[in-house]
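Asks: need a 3D model of the sequence below.
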Amino acid sequence: MLPLGHLAFAYLWYAVYAAVGTHRLPTRLALIPLAIGSQFPDLIDKPLAYLGILTYGRSLAHSLFAFTLCTLTLWWLTRSLHGRWTAETLFERLRVVTPAAFAIGYLSHLVGDTYRFLLAGDLWSARFLLYPLFSVPETPADDIAPWIRLFQIYQEMGTHPQLNVIVLAIVVFVGLRLRAYWKGRMPTMDDSPDLQ
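Replies: Numbering: from 1, shown residues only. As a prediction, the model looks like this:
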């Protein structure tokens, strides 16, 4: 998946989590750690592969071990900051939503990079999930700077391979916002005039 595809895919996952887990509309503040988590593995691995530190653009941060370490560390850090701010401050609200939003974004990235392999039964191609237990290949694409590759890809959005996921995420986002808006504007039983 490409960055916008990862972001859209993560948002869809988070919308389901919010609907099932919290039964509330996904908070806009959670979109920050969600977006960071959805890009995190590529922000680490792609530049390190380009610089020659890693041999493959899906290795270190694309590993389930790195996912576990990063999410547990973030959870511990946010727990250690508990009580530092009052409940209504921006920092406290961000602290509360960050662990789950980041973890969902990160995990959705890993699923987005492996679902085709896993559905096809090609577990060997998804071996980067267990890096460093399994070696990863070297790829010639890592010789191209990641930012140059993205510039080339995003010159023509109409050919974006995950355009359907991006459009779906936009529709869900707008639909949820409109639903919340109209729900807030509809009169309740207490607001209606007496029918006596």
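Asks: quick one: least confident helix or strand in the chain?
Replies: Using mean pLDDT, DSSP states H and E, the weakest-scoring helix or strand in the chain turns out to be helix 146-153, at a mean of 71.
Asks: check which helices and strands the next helix or strand after that helix sits against.
Replies: Downstream of helix 146-153, the next assigned helix or strand under DSSP states H and E is helix 163-185. If you count contacts as 3 or more Cβ pairs under 8 Å, 6 or more residues apart in numbering; DSSP states H and E, helix 163-185 packs onto helix 3-17. Placement of C-beta: from N, CA and C, glycine included.
Asks: the helix it packs on to helix 163-185, inter-axis angle?
Replies: Calculated by axes from the mean of the first three to the mean of the last three Cα atoms, to 10 degrees, helix 3-17 forms an angle of 40 degrees with helix 163-185.
Asks: what about this protein, any weak spots by pLDDT?
Replies: 22-25, 140-144, 153-160, 185-196 (pLDDT under 70).
Asks: in it, which helix is the longest?
Replies: If you go by DSSP state H, the chain has its longest helix at helix 90-119.
Asks: list the buried ones in it?
Replies: 94-110, 112-114, 117 (16 or more other Cβ atoms under 10 Å).
Asks: just stretch 34-44 next, same as before
Replies: Along stretch 34-44, these residues count as buried under the neighbour rule (16+ other Cβ under 10 Å): 34-42, 44.
Asks: for the least confident helix or strand of the chain, which helices and strands make contact with it?
Replies: helix 31-50.
Asks: list the contacts of the helix it packs on.
Replies: Here helix 31-50 makes contact (Cβ atoms under 8 Å, 6 or more residues apart in numbering) with 3, 6-7, 9-11, 14, 54-62, 66, 70, 94, 97-99, 101-110, 113, 139, 142-146.
Asks: related to what we said a few turns ago, please put the alpha-carbon coordinates of the least confident helix or strand of the chain into CSV.
Replies: Extracted C-alpha coordinates of helix 146-153, given in CSV (Å, rounded to 0.1, in the frame of the first residue of the first chain):
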residue,chain,number,x,y,z
PRO,A,146,11.4,7.3,-1.0
TRP,A,147,10.4,10.9,-1.4
ILE,A,148,11.2,10.8,-5.2
ARG,A,149,9.2,7.6,-5.5
LEU,A,150,6.2,9.2,-3.8
PHE,A,151,6.4,12.3,-6.0
GLN,A,152,6.4,10.1,-9.1
ILE,A,153,3.4,8.0,-7.8
